[in-house]
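Participant: Next one to model:
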Amino acid sequence: MVLTPEEWVRQHTVQFLLQEKSYPKSYINVEKLVKVNDINKRYDAVVFEPDGSIFLLVECKAPEVKITQDTFDQIARYNLKLKAKFLMVTNGLNHYFCQMDLEKEQYIFLKELPTFTNNQNQR
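Facilitator: Residues are numbered from 1 along each chain as shown. Sure thing, here's the model as predicted:
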């Protein structure tokens, strides 16, 4: 695999999830195909719940890519299908975390993601 700038960000993000947030490696999945409005898309990374639902959806961009509203719109479209509880958007320099309100179809920005051990209290 070629280490593109986006792949570098993805690998560091996975390490952040493992080391800083204590998410189990077996719950993390990277670069899989998902169909959104009959179009094949790839998510960068997800963290699953023990029951198989998606806890966190991650969108990685290369460091030179500015994170804009379009970036959030992209991950929100993916999440209409995946229904993750949390979203993370990063370019390796700037990191944004959101908690989803799936009923209202909106997200609330957070200062940080919950650690895995704290997730249990938020379900």
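
Participant: can you tell me which residue is nearest the centre of this structure?
Facilitator: Taking C-alpha atoms, centre = their mean, the centroid of the chain lies closest to V58, which sits 1.6 Å from it.

Participant: Now do the same contact list for it.
Facilitator: Contact partners of V58, counting by C-beta atoms under 8 Å, 6 or more residues apart in numbering, are R10, T13, L17, Y43, D44, A45, V46, V47, L87, M88, V89, T90. For every residue, glycine as well, the C-beta is placed using N, CA and C.

Participant: Looking at per-residue confidence, what score does it get?
Facilitator: On the pLDDT scale, V58 is placed at 95.

Participant: hang on, it in a strand?
Facilitator: Yes: under DSSP: H, G, I helix; E, B strand; the rest coil, V58 falls within a strand.

Participant: can you pull up the bridge partners for it?
Facilitator: Assessed by DSSP bridges, V58 has beta-bridge partners A45, M88.

Participant: and F97, which of the three is it?
Facilitator: Assignment for F97 (three-state DSSP): strand.

Participant: Neighbours of the residue lying closest to it once chain neighbours are set aside, how many?
Facilitator: Residue nearest to F97 in three dimensions, not counting chain neighbours: L110, with 4.4 Å by C-beta to C-beta, 6 or more residues apart in numbering. A total of 14 residues lie near L110 under the criterion other C-beta atoms under 10 Å.

Participant: repeat for V89
Facilitator: V89 has 21 neighbouring residues, counting by other C-beta under 10 Å.

Participant: next one: the one 10 residues further on
Facilitator: Around Q99 sit 16 other residues, with neighbours defined as other C-beta under 10 Å.

Participant: what bridges to it?
Facilitator: As for beta bridges, Q99 partners with F86, I108 under DSSP bridges.

Participant: doesn't A84 make contact with it?
Facilitator: No: using C-beta atoms under 8 Å, Q99 is not in contact with A84, being 9.8 Å away.

Participant: Closest one to E64 out of the contacts of V58, please.
Facilitator: Distance to E64 across the contacts of V58 (C-beta to C-beta) is lowest for T90, with 13.2 Å.

Participant: In contact with that closest one, which residues?
Facilitator: Taking C-beta under 8 Å, 6+ apart, we find T90 in contact with V9, T13, V58, E59, C60, K61, I67, Y96.
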